[in-house]
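A.B. asks: sequence first, predicted model second:
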Amino acid sequence: MSKAGRTDMLTLMAMHWNQQKIYTLAITLTRRYQKTTKALQNQLLNLESLKVELAVTESQLEDWLNEVKEWADTAATTTTNDADALASRIEVLVASIKRRSQRLYKDTDGNKGRARIRRKIREEKGTLTSIVEKYNRMVPNTETLCLETILSGETAWPWQLPHSDSVNFRTKRKAFDIMMSLRRLQEEQKILVAEMNNHWRYLSTRADALRELSCCFAKETIKNSQCGLTEEGLKGLQCIIHRKQRKSEI
């Protein structure tokens, strides 16, 4: 196939695809609206459950929303770094370092075995230092970690400690996600309603055009027919056709 032939074929395919979109747009918008409405109702239920569980008001949720926004604006984060994943990784590394430190003289008698364990501990401490630095850049100052503190003994993790308002930052982020999802769905619902209204207007104009064409076709058919009606009879027949069209619209 030549280049011009391929171009023509792609053009025809694009035109057909656009035409199919017009034919199925009403169904697509309806399904999308139903899906969005269902998701919106689920998020409303989740938000109400969270408000009951934490015994918070709408104004408190707005305060949490602003707090998370402020943290997000000041935190130097990337899309590949997730604070929850880093926190889990920190817990695993700290537990591993403590376990190896306990085994250093308990389960190993030879110097080679101890040297191997010390090397593993140094490697894991280096990895832990890097992850702790990343984590501290992603969280508020109230949840920053100190390497010496978390390795010194049994220390409660910052994400497990109660804050001044008895709610940790992870819970606030969960409420933030629910509220932002709720707002996005509400905005999408408004857009869908506007799109459905525009499509309805488009279909109405097409229906008006079809009615006009139908009337013209009926008039031409009557004029060209060999029915032997008088001029008054032709007008009466046209009235009957118009009345039937109106009934079909109702």
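C.D. replies: Noted; the coordinates are in hand.
A.B. asks: buried residues in the host helix or strand of residue 62?
C.D. replies: Assigned by DSSP states H and E, residue 62 falls within helix 58-74. Of the residues in helix 58-74, 60-61, 64-65, 67-68, 71 count as buried by neighbour count, 16 or more other Cβ atoms under 10 Å. Glycine gets a C-beta too; all of them are placed from N, C-alpha and C.
A.B. asks: can I get the residues you listed in CSV with distance to residue 181 and pLDDT?
C.D. replies: Converted to CSV, the buried residues of helix 58-74 look like this (distance: Cβ to Cβ, whole Å; pLDDT from 0 to 100):
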residue, distance to residue 181, pLDDT
60, 19, 87
61, 13, 87
64, 15, 85
65, 12, 86
67, 18, 80
68, 13, 79
71, 18, 69
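A.B. asks: hang on, the earlier thing: C-terminal to the helix holding residue 62, what's the next element?
C.D. replies: Downstream of helix 58-74, the first helix or strand assigned by DSSP H and E is helix 83-106.
A.B. asks: mean confidence for the helix or strand following that next one?
C.D. replies: Per DSSP H and E, the first helix or strand lying C-terminal to helix 83-106 is helix 111-138. In this model, helix 111-138 has a mean pLDDT of 85.
A.B. asks: check the buried residues of helix 58-74 and tell me the two furthest apart.
C.D. replies: Spatially, the most separated pair among those is 60 and 71, at 16.6 Å (Cβ to Cβ).
A.B. asks: which strands or helices does the helix or strand where residue 23 lies pack on?
C.D. replies: Using DSSP H and E, residue 23 falls within helix 3-54. The contact analysis (3 or more Cβ pairs under 8 Å, 6 or more residues apart in numbering; DSSP states H and E) places helix 3-54 against helix 58-74, helix 169-224.
A.B. asks: break the protein down into its structural domains.
C.D. replies: Domain assignment of the chain by automatic domain parsing yields the ranges 1-56+169-250, 74-166.
A.B. asks: wait, residue 203 touches residue 26, no?
C.D. replies: Yes: contact status for residue 203 versus residue 26: in contact at 7.5 Å, counting by Cβ atoms under 8 Å.
A.B. asks: ok so, going back, weakest of the domains of the chain in terms of mean pLDDT?
C.D. replies: Ranked on mean pLDDT, the bottom entry among the domains of the chain is domain 74-166, at a mean of 73.
A.B. asks: ok so, going back, make JSON lines out of the buried residues of helix 58-74 and add distance to residue 123.
C.D. replies: Below are those laid out as JSON lines (distance: Cβ to Cβ, whole Å):
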{"residue": "60", "distance to residue 123": "45"}
{"residue": "61", "distance to residue 123": "44"}
{"residue": "64", "distance to residue 123": "39"}
{"residue": "65", "distance to residue 123": "41"}
{"residue": "67", "distance to residue 123": "37"}
{"residue": "68", "distance to residue 123": "35"}
{"residue": "71", "distance to residue 123": "32"}
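A.B. asks: ok, so of the residues you listed, who is nearest residue 96?
C.D. replies: residue 71 (29.6 Å).
A.B. asks: check the burial of the closest residue to residue 69 other than its chain neighbours by counting its neighbours.
C.D. replies: Once flanking residues are discounted, residue 69 sits nearest to residue 176: 7.9 Å by Cβ to Cβ, 6 or more residues apart in numbering. Other residues near residue 176 come to 20 when the count uses other Cβ atoms under 10 Å.
A.B. asks: can you pull the contacts of residue 176?
C.D. replies: 64-65, 68-69 (Cβ atoms under 8 Å, 6 or more residues apart in numbering).
A.B. asks: tell me which of those is nearest to residue 150?
C.D. replies: Taking Cβ to Cβ as the measure, residue 150 sits nearest to residue 68 out of the contacts of residue 176, at 24.5 Å.
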